[in-house]
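1. could you look at this predicted model? Sequence included:
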Amino acid sequence: AFAAAAREPQARAAWQDLAAAAAAMEVPEPLLERLGAVVEAALASGRARREGGPGAELALRALFLKTPRGRAAAESVAGLNAALAALGGQPLSAAGAVLRGPGAYALTLETSRLRLVIGLGPDGVRVESAELEAG
């Protein structure tokens, strides 16, 4: 479907190369970014689950993590979890969220020792700032 939708012959050829590599079950590194885009679209739209069921969705999630974008998303979640671990055992003194733009938000969590700002958006999650109180 991606190849058919491509207007430029060069882009169409790249999508066709990906289709051939996927059919052979051997996608080379240069095509992983395109593979990630296809897998992400199938997961985000719900099409993977709708057409293939939960097993297909799980398989595509695992495949997504092997793509550059999937690895980057996993790394950002790991960074967020490390920052959230610093909140462990501390009562929250404040929490709030703001809209930054369409589909982009910031969540602020504060304790007596830490102020953490988490960005949430179409590109994933990230720690925007972590400020430790002295003392």
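-> Sure, I can see it.
2. shouldn't Leu87 be within a helix?
-> No: with DSSP: H, G, I helix; E, B strand; the rest coil as the criterion, Leu87 is coil rather than part of a helix.
3. could you give the mean pLDDT of the helix or strand hosting Glu128?
-> Element membership of Glu128 [criterion: DSSP states H and E] is strand 124-132. What strand 124-132 shows for mean pLDDT is 92.
4. A helix includes Glu51, no?
-> Yes: using three-state DSSP, the assignment for Glu51 is a helix.
5. and the pLDDT at it?
-> 94.
6. what's the answer for the one 3 residues further on, then?
-> The confidence metric pLDDT takes the value 95 at Pro54.
7. can you get me a residue count around it?
-> By other C-beta atoms under 10 Å, 9 other residues sit near Pro54. Glycine gets a C-beta too; all of them are placed from N, C-alpha and C.
8. that one and Glu40: what is the separation?
-> Distance, Pro54 to Glu40, using C-beta to C-beta, to the nearest Å: 18 Å.
9. could you do Ala85 as well?
-> Taken as C-beta to C-beta, the span from Ala85 to Glu40 is 28 Å.
10. which of the two has more residues huddled nearby?
-> Legend: neighbour count by other C-beta under 10 Å for Ala85 and Glu40, higher for Glu40 (16 against 9).
11. wasn't the more buried one part of a strand?
-> No: using three-state DSSP, the assignment for Glu40 is helix, not a strand.
12. that one and Ala95, how far apart?
-> Distance, Glu40 to Ala95, using C-beta to C-beta: 30 Å.
13. list the buried ones in stretch 31-45?
-> Leu31, Leu32, Arg34, Leu35, Gly36, Val38, Val39, Glu40, Ala42, Leu43 (16 or more other C-beta atoms under 10 Å).
14. how about TSV for these, with pLDDT and distance to Asp123 added?
-> As requested, the buried residues of stretch 31-45 are exported to TSV (pLDDT from 0 to 100; distance: C-beta to C-beta, whole Å):
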residue	pLDDT	distance to Asp123
Leu31	93	21
Leu32	93	18
Arg34	92	17
Leu35	94	18
Gly36	93	13
Val38	93	17
Val39	94	16
Glu40	92	11
Ala42	93	18
Leu43	94	15
